[in-house]
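In: Test case, fold it:
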Amino acid sequence: MKIDAGSPLPLYAQLESILAGEIASGALLPGSRLPNEEELVKRYSVSRTTVRQTIQNLIRRGLIEIQRGKGTFVLQPKITQELTQLSGFVEDMQSLGRNASARLLDKQTVPASDSVACQLAITTGTPVVRIQRVRLADNSPLSFDETYLPREIGERILENNLETEPIFSLLEQKYDTPLTEAEYRLEAVSADTTVARALGIAAGSPIFLIERTSYTSGRRPVDYERLYYRGDQIRFVTRLARLPRKEGGVR
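Out: Got it, this is the predicted structure:
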């Protein structure tokens, strides 16, 4: 595509559309280096100001990043995950056509902290099983998961290969513990040293923290998780229905 000087669309917007289209089509692959400023000026016969505006717009869209001393590179497209139903990581990635895998970091029995005890409806200090894993999408670290399970079911879960067998599947298919609903709490936080090391990012990087408490029959909590997702790799989407308003109510 070429820049049309007679178009009502600003030159930087045209160049942005061209480069974004090349990224979307695969002409510019994730990890590839974008032509430098001088090359873009010559190729599209535009000013440096136009090129710089285009680059900033593409950065804001999360399509490219500047690596100091190296150049400007195409980013891996963000994963878009819908928060519309209770599902596990493997199910989420499979629905998106991604290959899901896991790396087990730690598994042990620990005393429940106040927050863990509250979520699992047990007394503080009660022994619970804690499992820490890195979850990968297409071999790229996407989340650091910290799972807490009541000791009785947790010790049975530990008998399995937690790098290949999803905990949700084990609960439902092997241990007859159907998952009926979950409560999600999502916030933006900064990665601490432990999470940053697990995900291969700098400490302080922006990440999503999802706290999820899953329930079985009788609304009994059986699984409490802290899921730390890389903020540069994923976006979450949900759909909300508006409740009908009573006639004469506030509009």
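
In: residues of the lengthiest helix in the chain that come out buried?
Out: With secondary structure taken from DSSP state H, the chain has its longest helix at helix 11-25. The neighbour-count check on helix 11-25 (16 or more other CB atoms under 10 Å) flags Leu11, Tyr12, Gln14, Leu15, Glu16, Ile18, Leu19, Ala20, Glu22, Ile23 as buried. Using the backbone N, CA and C atoms, a C-beta is placed for each residue, glycine as well.

In: could you give me the average pLDDT of that helix?
Out: For helix 11-25, mean pLDDT is 89.

In: picking that back up, let me have the buried residues of helix 11-25 in TSV, extended by distance to Asp232.
Out: Formatted as TSV, the buried residues of helix 11-25 follow (distance: CB to CB, whole Å):
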residue	distance to Asp232
Leu11	29
Tyr12	24
Gln14	27
Leu15	24
Glu16	20
Ile18	24
Leu19	19
Ala20	17
Glu22	21
Ile23	15
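
In: Identify the farthest-apart pair in the residues you listed.
Out: Farthest apart among the buried residues of helix 11-25 by CB to CB are Leu11 and Ile23. That separation is 18.8 Å.

In: Point to the helix or strand of this structure where mean pLDDT is at its lowest.
Out: Least confident element among the helices and strands of the chain, by mean pLDDT, DSSP states H and E: strand 79-82 (a mean of 79).

In: For that one, name the packing helices and strands.
Out: strand 234-237 (3 or more CB pairs under 8 Å, 6 or more residues apart in numbering; DSSP states H and E).

In: how about the strands of the stretch 51-200 of the chain, start to end?
Out: Here the stretch 51-200 of the chain has its strands, by DSSP state E, counting those that start in this stretch, at 64-67, 71-74, 79-82, 100-111, 127-137, 140-150, 181-190.

In: tell me the most buried of those?
Out: strand 140-150 (a mean of 21; mean count of other CB atoms under 10 Å).

In: what pLDDT, on average, does that one get?
Out: Mean pLDDT, strand 140-150: 95.

In: Give the partner strands of it in its sheet and their orientations.
Out: strand 127-137 (antiparallel), strand 220-230 (antiparallel) (DSSP bridges).

In: For Ile64, find the nearest of the ones you listed.
Out: strand 220-230 (16.9 Å).

In: what's the angle from the closest one to strand 181-190?
Out: Following axes from the mean of the first three to the mean of the last three CA atoms, to 10 degrees, one obtains 30 degrees for the angle between strand 220-230 and strand 181-190.

In: Hmm, Leu209 is touching Glu187, no?
Out: Yes: the criterion here is CB atoms under 8 Å, and Leu209 meets it with Glu187 at 5.5 Å.

In: how near is the closest residue to Ile66 other than its chain neighbours to Val195?
Out: Once flanking residues are discounted, Ile66 sits nearest to Thr72: 5.1 Å by CB to CB, 6 or more residues apart in numbering. Here Thr72 is placed at a distance of 27 Å from Val195 (CB to CB, to the nearest Å).

In: same check, this time on Pro77
Out: Separation of Pro77 from Val195 (CB to CB) stands at 23 Å.

In: So the two - more neighbours on which side?
Out: Val195 (22 against 12; other CB atoms under 10 Å).

In: dump the residue contacts of that one.
Out: Phe144, Ile207, Tyr228 (CB atoms under 8 Å, 6 or more residues apart in numbering).

In: do that again at 10 Å, thanks
Out: Counting by CB atoms under 10 Å, 6 or more residues apart in numbering, Val195 makes contact with 134, 143-144, 146, 189, 201, 203, 205, 207, 209, 226, 228, 230.

In: what about the stretch 51-200 of the chain, any weak spots by pLDDT?
Out: Regions of the stretch 51-200 of the chain meeting the criterion pLDDT under 70 are absent.

In: rerun at 90
Out: 59-70, 74-85, 87-88, 90-99, 137-140 (pLDDT under 90).

In: Spell out the residue ranges of the helices in the stretch 151-251 of the chain.
Out: Taking DSSP state H, counting those that start in this stretch as the test, the helices found in the stretch 151-251 of the chain are 151-157, 167-169, 193-199.
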